[in-house]
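Visitor: Here is my input, please return the structure:
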Amino acid sequence: MSLLKKNKLVFIFTVVALLAIGVGYGYQYMFMSPKKVVEITPEFTADADEFNNLMDENLPSWIGKVVQISGKATQVTQDGILLNGSIYCQFENSQDIQSITKNQIIVIKGKLVGFDELLMETKLNQCIIIQ
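Guide: Numbers count the residues shown, from 1 in each chain. A predicted model of the protein is given here:
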């Protein structure tokens with residue numbers, strides 16, 4: 001009879017330990033921070049005009065993806081820049097914008113968030129300057 005009690009205690013202890021480990025990993029997974037754009041490899045690397053042509057074909061498949069685009073800064077504001085007059089880029093660090101001048105050729109990396117139909121602009125956020 002005592003052997004049966006020992007087996008029950010070992011079984012209960014093992015189940016409780018496994019449950020605690022599972023809850024710990026679940027908590028860690030649910031509350032981990034998302035990856036930064038710097039850490040993610042871009043899924044598309046090319047010129048801004050080429051990216052716009054690609055976007056016209058299938059916009060929904062690109063939303064949330066990280067892209068690296070080169071182009072001319074046609075407008076610089078305190079909130080972001082406009083590449084080739086059609087791609088608006090918001091930066092994580094506002095100090096990055098201060099280093100950009102109008103008509104400067106730059107390479108940026110950012111996450112595609114959508115298309116603004118009112119302004120006819122593709123929107124990128126979490127942008128960083130590559131060159």
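
Visitor: Tell me the pLDDT of the residue lying closest to I105 once chain neighbours are set aside.
Guide: Spatial nearest neighbour of I105, excluding adjacent residues (C-beta to C-beta, 6 or more residues apart in numbering): K72 at 5.6 Å. Quick note: C-beta positions are derived from backbone N, CA and C, even for glycine. As predicted, K72 sits at a pLDDT of 92.

Visitor: Next, K72: secondary structure please.
Guide: strand (DSSP: H, G, I helix; E, B strand; the rest coil).

Visitor: And for E50?
Guide: The three-state assignment at E50 reads helix, by three-state DSSP.

Visitor: and what of Q68?
Guide: On the basis of three-state DSSP, Q68 is classed as strand.

Visitor: Pretty sure it sits against D47.
Guide: No: using C-beta atoms under 8 Å, Q68 is not in contact with D47, being 10.6 Å away.

Visitor: Please say which of these two ends up with more neighbours.
Guide: More crowded of Q68 and D47, by other C-beta atoms under 10 Å: Q68, with 18 against 14.

Visitor: in the sheet, who's paired with the more buried one?
Guide: For Q68, the residues forming beta bridges with it (DSSP bridges) are T45, K109.

Visitor: From Y29, how far off is it?
Guide: For Q68, the distance to Y29 (C-beta to C-beta, to the nearest Å) stands at 29 Å.

Visitor: burial of Y27, as a residue count?
Guide: There are 10 residues near Y27, going by other C-beta under 10 Å.

Visitor: Check which residues of stretch 54-61 are buried.
Guide: Residues of stretch 54-61 classed as buried: M55 (neighbour count, 16 or more other C-beta atoms under 10 Å).

Visitor: my bad, should have said stretch 32-41
Guide: Those would be V37, for stretch 32-41 by 16+ other C-beta under 10 Å.

Visitor: Using the record's assignment, carve this protein into domains.
Guide: As assigned by automatic domain parsing, the chain contains the domains 1-32, 37-129.

Visitor: so of those, which one's packed in deepest?
Guide: domain 37-129 (a mean of 16; mean count of other C-beta atoms under 10 Å).

Visitor: Kind regards, and thank you for your time.
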